[in-house]
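[1] based on what follows, work out the 3D shape:
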Amino acid sequence: MRHSVRWLAVLVAALLVLSGCAKSNPVDPGTNPGNPSNPAPKTLTFIEGVDVSNLDPAFATDRPTQTVLRHLFENLVDTDPATGGVRPWLASDWSVSADKKTWTFKLKSGVKFADGTPLTAASVKATLDRLLDKSLAAANASLLSSVTAVEAVGDAEVKITTKEPFAPLLENLAHPGAAILPANFDPKAPIGSGPYKVQERQNGVKLVLTRNTHYTGAAPAFAEIVYKPVPEAASRTVALESGDAQIVNRLAPEAVADLKSNSKVEVLVKPSTFQISFEINNRMKPFDDLRVRRALNMAVDRAALVKGLLRDMGSVPEGPVPAGAQWPMKLKAYEYNPDQAKKLLAEAGVQPGMKIEIWTSQGRYAKDKEMAEAVAGYLKAVGFEPEVKVMEWGTYSKAIEAKDKKAALYILGSSVPTLDWRLTRNFLSTSTNNYSGYSNPDVDKLLLEARTVFEDAPRKALYDQIQTKVWEDAPFLFLFNQVQIIGVQKGVSGLTVYGHEILDFTQTKAQ
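    So this is what the prediction gives:
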């Protein structure tokens, strides 16, 4: 009996020692406790074609930046990747008044920002008031263009009032630009309530995110995410094949065949709502002339570009909204007809040899630099003397905003799946995102009317008219509909790919 008591005492002591070890050395979610000799990586390295432009949701307009912001911040509501509809996020539920002018949102309890402070209705009010503040001049302010007041009712309820029925409010609140921030938000040291927080940023080199210990959701598998910008497509492919990165975005179409034969990687070719165009500077003569804009659209053989540069991983646009987005119309594609293009240019008084600038990014869109060079060749064939200028994405994204820019054409894409935000930001004459200067009073009227209609059928009918008018006005040189080409190391799973090209790593894990 004495031996048994001694054995029990030793066992209890051993258990206490093990318990103490467990408390001081918890199992890291980034390891593989089932196979300690082959632990899962703690770091997810993700390579993109361009750098993050900024870390302020109010000013974030590109998908690479918004992919990062999704891991730092949360919205009242979210876009469901399976249905494209709206689902709860920070808001547990919501309702709209009978007159469709007052929205009430109930907030989930217990949510905290990465510094430990509670996220309350006051945080939501401060965020939306900041976005609406005209002195901020936020790029995403028009998401709330009809909002007249935001009221915090206690800590867990928010009321949003609009000046008229505003059908797109829910879908706009799901946009990354409406992410909820603390009242003392500092864009130089951004704090959100998402699963990660910023650890380190070296512009043009890397951005490091680490787990937010105050996050109330399930802890992500990776302890940190390292985001690296690599503009050259060939270098991105090498990084994937060498194992320097677990996930690589925007792989070159010509690399896909070889990568598919590599047993260590998997290539994901996913649909996208991205349409890439060369926006035409409608403020610049002679591009304010419809004949000239139509001539540009007839001068380029898109089918050849899709087949050659994209290896058929894309499609020729048949309207200003591609398949997969909300209510796209299938119209007639612009035909390749350089002779007719020359005729229209002559009718408009454009003299052969006119010098123009074509601006492009490198690494932002599929074969963007190469597309610019190819388009320059087509335009030279109809009489222009084009010069292609390549810019780093951060510089480029600022340069195209200027109303007095020297570019006649500049590459830009839209992947917004919902038609209000997609069409108003590009084609409403008063939109701060309407960089081309396109203006059509009929389009303006239809866009504003569509916002007040909640029923799908009549709202779609209005958007059909808008798409038809925009297509006929040719404010852009509509170029191609893009697909997503993503490389993933074998053993990495759980990546969420949205059709609008935002990636979500919160469920991603590695064996």
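[2] pretty sure Y334 belongs to a helix, no?
    No: for Y334, which was evaluated using DSSP: H, G, I helix; E, B strand; the rest coil, the result is coil, with no helix membership.
[3] which pLDDT value goes with it?
    Looking at Y334, its pLDDT is 97.
[4] list of residues touching stretch 500-511?
    Here stretch 500-511 makes contact (C-beta atoms under 8 Å, 6 or more residues apart in numbering) with 32, 40-41, 44, 46, 63, 66-67, 70-71, 79, 81, 176, 195, 217, 220-222, 225, 246-247, 249, 272-274, 415-417, 484, 486, 489, 491-498. Quick note: C-beta positions are derived from backbone N, CA and C, even for glycine.
[5] please save the CA atoms from it in CSV.
    Output of stretch 500-511 as CSV, limited to C-alpha atoms (Å, rounded to 0.1, in the frame of the first residue of the first chain):
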residue,chain,number,x,y,z
HIS,A,500,-13.8,39.7,-57.7
GLU,A,501,-10.2,38.6,-57.1
ILE,A,502,-9.9,39.1,-53.4
LEU,A,503,-8.1,36.2,-51.7
ASP,A,504,-8.8,35.1,-48.2
PHE,A,505,-6.2,33.1,-46.2
THR,A,506,-8.0,32.8,-42.9
GLN,A,507,-9.0,29.2,-43.5
THR,A,508,-5.7,28.3,-45.3
LYS,A,509,-3.5,25.6,-43.8
ALA,A,510,-0.5,23.5,-44.8
GLN,A,511,0.2,19.8,-44.1
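[6] hang on, N481 in a strand?
    Yes: applying three-state DSSP, one finds N481 inside a strand.
[7] from the contacts of stretch 500-511, which would you call buried?
    Among the contacts of stretch 500-511, those scoring as buried are 32, 40-41, 44, 46, 63, 66-67, 70-71, 79, 176, 195, 220-222, 225, 246-247, 249, 272-274, 415-417, 484, 486, 489, 492, 495, 497-498 (criterion: 16 or more other C-beta atoms under 10 Å).
[8] strands - which of the contacts of stretch 500-511 land there?
    Assigned to strands by DSSP state E, the following of the contacts of stretch 500-511 qualify: 44, 46, 79, 225, 247, 249, 484, 486, 489, 492-493, 496-497.
[9] if you go through the stretch 401-511 of the chain in chain order, where are the helices?
    419-427, 441-450, 456-473 (DSSP state H, counting those that start in this stretch).
[10] now, of these, which is deepest in the fold?
    For the helices of the stretch 401-511 of the chain, the stretch with the most neighbours on average is helix 419-427, a mean of 23; neighbours defined as mean count of other C-beta atoms under 10 Å.
[11] tell me what that one is packed against?
    On a contact count with 3 or more C-beta pairs under 8 Å, 6 or more residues apart in numbering; DSSP states H and E, helix 419-427 meets helix 169-173, strand 407-414, helix 441-450, helix 456-473.
[12] can you list those in a markdown table and add mean pLDDT and distance to V265?
    Supplementary listing: the helices and strands packed on helix 419-427 in a markdown table, determined by pLDDT from 0 to 100; distance: least, C-beta to C-beta, whole Å:
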| stretch | mean pLDDT | distance to V265 |
| --- | --- | --- |
| helix 169-173 | 96 | 35 |
| strand 407-414 | 97 | 26 |
| helix 441-450 | 98 | 44 |
| helix 456-473 | 98 | 39 |
